[in-house]
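# Model the structure of this input:
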Amino acid sequence: MDGVDHRSVTREKQGRAFCMGIMTYDGIQVRFDDRTLAHLQVIVLKKFRNQESFIVSWRNTDTSGDGRSTVWMTPSFPAHFHIEKPAHKLDPEWLTALQRSADSAAGLVVRDAGGEVVLGEQMSPQLPKG
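All right, here's what the predicted structure looks like:
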């Protein structure tokens, strides 16, 4: 256990606090800001509903190794989204941009509403206590 209550983590972005949600897929947990995660959830679930597999990439934070991470997502594995404050208004233009990215050969590059690549904080998997 890392001693952090992952259910209620906030970060500062441009002087303003925001909540961090968690996407879990095949044992990988990645923390994104709630608003980004709400938009990402819509795209992932739409692709899964259509039985489509695809690539998802994000930029890593310094604490999760810097660089970039990529995962192949397929509807045969369950995805879980925990959004701390779920009442986010969805931006149709942002959803369209994310959908276009998800449908491209490069796959879904997680970007914010302004088009900047989003930082994702990959969390260490919790190992069972033995």
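
# Spatially, what comes nearest to Val117 if we skip its sequence neighbours?
Nearest in space to Val117, with sequence neighbours left out and distances taken as C-beta to C-beta, 6 or more residues apart in numbering, is Arg59 at 4.8 Å. Where C-beta positions appear, they are placed from N, C-alpha and C, glycine not excepted.

# same check, this time on Gly67
Asn60 (5.2 Å).

# The one you found reaches Gly120, doesn't it?
Yes: at 6.6 Å, Asn60 counts as touching Gly120 under the criterion of C-beta atoms under 8 Å.

# how about low-confidence regions in the chain?
Along the chain, segments meeting pLDDT under 70 span 1-18, 64, 86, 124-130.

# All the helices of it, residue numbers only.
Applying DSSP state H to the chain gives helices spanning 34-49, 92-103.

# Using CSV, write out the CA atom coordinates for the shortest one.
Spelled out, it's helix 92-103. Backbone C-alpha positions of helix 92-103 (Å, rounded to 0.1, in the frame of the first residue of the first chain) are rendered in CSV as follows:
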residue,chain,number,x,y,z
PRO,A,92,-19.1,17.9,-28.0
GLU,A,93,-16.1,19.3,-29.9
TRP,A,94,-13.7,17.6,-27.5
LEU,A,95,-15.5,14.3,-27.9
THR,A,96,-15.4,14.6,-31.7
ALA,A,97,-11.6,15.3,-31.6
LEU,A,98,-11.0,12.3,-29.2
GLN,A,99,-13.2,10.1,-31.4
ARG,A,100,-11.3,11.0,-34.5
SER,A,101,-8.1,10.2,-32.7
ALA,A,102,-9.4,6.9,-31.5
ASP,A,103,-10.5,6.0,-35.1
